[in-house]
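> generate a structure from the sequence data that follows.
(chains A and B)
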2 protein chains.
Amino acid sequence: MKRGVLIVLSGPSGVGKGTVRKALFEEPDIDFTYSISMTTRSPRSGEIDGEDYFFVSREIFEQNIQDDNMLEYAEYVGNYYGTPKSFIDQTLASGHDVFLEIDVQGALQVKEKMPEGAYIFLTPPDLEALKARLVGRGTDAPDVIERRVGAATSEIRMMANYDYAVVNDEVALAVRRIKDIVKVERLRVNRVLPEYIEMIEELEK
Amino acid sequence: MKRGVLIVLSGPSGVGKGTVRKALFEEPDIDFTYSISMTTRSPRSGEIDGEDYFFVSREIFEQNIQDDNMLEYAEYVGNYYGTPKSFIDQTLASGHDVFLEIDVQGALQVKEKMPEGAYIFLTPPDLEALKARLVGRGTDAPDVIERRVGAATSEIRMMANYDYAVVNDEVALAVRRIKDIVKVERLRVNRVLPEYIEMIEELEK
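Residues are numbered from 1 along each chain as shown, chains lettered A, B, ... in the order given. Reported below is the predicted structural model:
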């Protein structure tokens, strides 16, 4: 069984990760499994366990941390949120690609534990455009915007930790680029070499 | 000016490198510069200097070797053949992609000097198919074929030195995969990061 590819989409806040991810999953020829997060918060109306989140108790979450099963996690307003490794491992082992959309801090934590993934950094067309977009929201004060641009600058410095930089100039173009990346990742020697080694061993019998 | 990508196509003898290269260069949307070899042999009728080869004297070729300007070279029947670095360097610096089709030994030599290239290994659908293809030529004795398969086996072991493995099951599919690889190589962080660092420096002024 050929192992699936772990695809990690990350990037500065406000760059449009969620929009690109949604558009990607609407593509007819995509067969990615979305990485389901684990949380200790209560399900909201209509949320399904094992689909929207894995809803667990605080005890179980902390057990997962101790068992080194959390690729990354954080605590917000008294609740844990994180990415369980076992679900991703099992999905990849079954030959399916896993897609993870995550902030920059989370992506770096995931990369430490699963460096074999394809790490994609979604970038604004340029930083000025990011600034314009943040201003366009119309809800933030200028000093908040300045701070966000400063944060984005430092996040772009973090790009060096990624494999690919995809510009989000147009959602449809960004989606196309991500699809191309996944197609080409399957051709990378470190992913296919095990198959060929097997083939040679077969022939030399 | 954004630097071009060096694309190196290599693979076992008999796998169809030349056929794939020709089909690739017939594509309407391809703008690769073909790496021109240097040789000391005399031009044949119709061959043009600086197009088919750089035709040079033995003295000039040996001067190029001494000046470390040959990415790789070999001597066949009294004549030198090799890949001059300066031509590739200048073409990449002008923003154009360079395409180099070369045997496995040559590709490894080139990689030592230009590791930033995209190294593509063209593989037969499987080794049995390679064997069938070699037999299909009908011109070689069985022991010659066995020797070639043995050589191909060791060449496939060399695949580990490449970035991508492209199966030559159908020429049109192999061409498509190579085009996808080049498209995606342009998204790799190590190629685009310098641009972003420049952008940040601009914004922080």
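
> stretch A:92-105 near chain B at all?
No. Stretch A:92-105 is not in contact with chain B by C-beta under 8 Å from any C-beta of the partner chain; minimum separation 13.5 Å. For the C-beta atoms, the positions are set from N, CA and C on the backbone; glycine is no exception.

> quote the end-to-end distance of that stretch.
23 Å (C-alpha to C-alpha, to the nearest Å).

> go on, stretch A:156-171?
Terminal-residue distance, stretch A:156-171 (C-alpha to C-alpha): 19 Å.

> pull out the buried residues from that stretch.
Using 16 or more other C-beta atoms under 10 Å in any protein chain shown as the test for burial, stretch A:156-171 gives A:156, A:158-159, A:162-168.

> isn't A:Phe54 right up against A:Thr39?
Yes. Contact status for A:Phe54 versus A:Thr39: in contact at 7.4 Å, counting by C-beta atoms under 8 Å.

> and those two? which has more neighbours close in?
A:Thr39 (20 against 17; other C-beta atoms under 10 Å in any protein chain shown).

> still on that earlier bit, secondary structure for the buried residues of stretch A:156-171 - can I get that in JSON lines?
Below are these laid out as JSON lines (DSSP: H, G, I helix; E, B strand; the rest coil):
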{"residue": "A:Ile156", "secondary structure": "helix"}
{"residue": "A:Met158", "secondary structure": "helix"}
{"residue": "A:Met159", "secondary structure": "helix"}
{"residue": "A:Tyr162", "secondary structure": "coil"}
{"residue": "A:Asp163", "secondary structure": "coil"}
{"residue": "A:Tyr164", "secondary structure": "strand"}
{"residue": "A:Ala165", "secondary structure": "strand"}
{"residue": "A:Val166", "secondary structure": "strand"}
{"residue": "A:Val167", "secondary structure": "strand"}
{"residue": "A:Asn168", "secondary structure": "coil"}
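
> pick out the residue of chain A closest to chain B.
The nearest approach of chain A to chain B comes at A:Val184, 4.1 Å away (C-beta to the nearest C-beta).

> SS state for that residue?
helix.

> the buried residues of stretch A:156-171: which ones sit near chain B?
A:156, A:159, A:162-166.

> okay, and the helix or strand of chain A with the least pLDDT?
Sorting the helices and strands of chain A by mean pLDDT, DSSP states H and E puts helix A:127-136 at the bottom, at a mean of 62.

> in what helix or strand does A:Asn190 lie?
Secondary structure from DSSP states H and E places A:Asn190 in helix A:189-203.

> so for that helix, what's the average pLDDT?
For helix A:189-203, the mean pLDDT works out to 75.

> correct me if wrong: A:Ala23 contacts A:Val175.
Yes. A:Ala23 is within contact range of A:Val175, at 5.0 Å (criterion: C-beta under 8 Å).

> more neighbours: the two, which one.
A:Val175 (22 against 15).

> so which bits of the helix or strand hosting that one are buried?
Assigned by DSSP H and E, A:Val175 falls within helix A:171-185. Buried positions in helix A:171-185, judged by neighbour count with 16+ other C-beta under 10 Å: A:174-175, A:177-178, A:180-185.

> residue contacts, A:Lys2?
When contacts are counted by C-beta atoms under 8 Å, 6 or more residues apart in numbering or on different chains, A:Lys2 touches A:95, A:195.

> SS state for A:Leu71?
strand.

> can you pull the contacts of A:Ser42?
A:Phe55.

> out of the buried residues of helix A:171-185, flag the one nearest to B:Asn64.
For the buried residues of helix A:171-185, the residue nearest B:Asn64 by C-beta to C-beta is A:Val184; the value is 34.9 Å.

> residue contacts, that closest one?
Here A:Val184 is in contact with B:164, B:177, B:180-181, B:183-184 (C-beta under 8 Å, 6+ apart).

> what about the spatially closest residue to it that is not a sequence neighbour, distance to A:Leu92?
In space, and not counting its chain neighbours, A:Val184 is closest to B:Val184: 4.1 Å by C-beta to C-beta, 6 or more residues apart in numbering or on different chains. Per C-beta to C-beta, to the nearest Å, B:Val184 is found 21 Å from A:Leu92.
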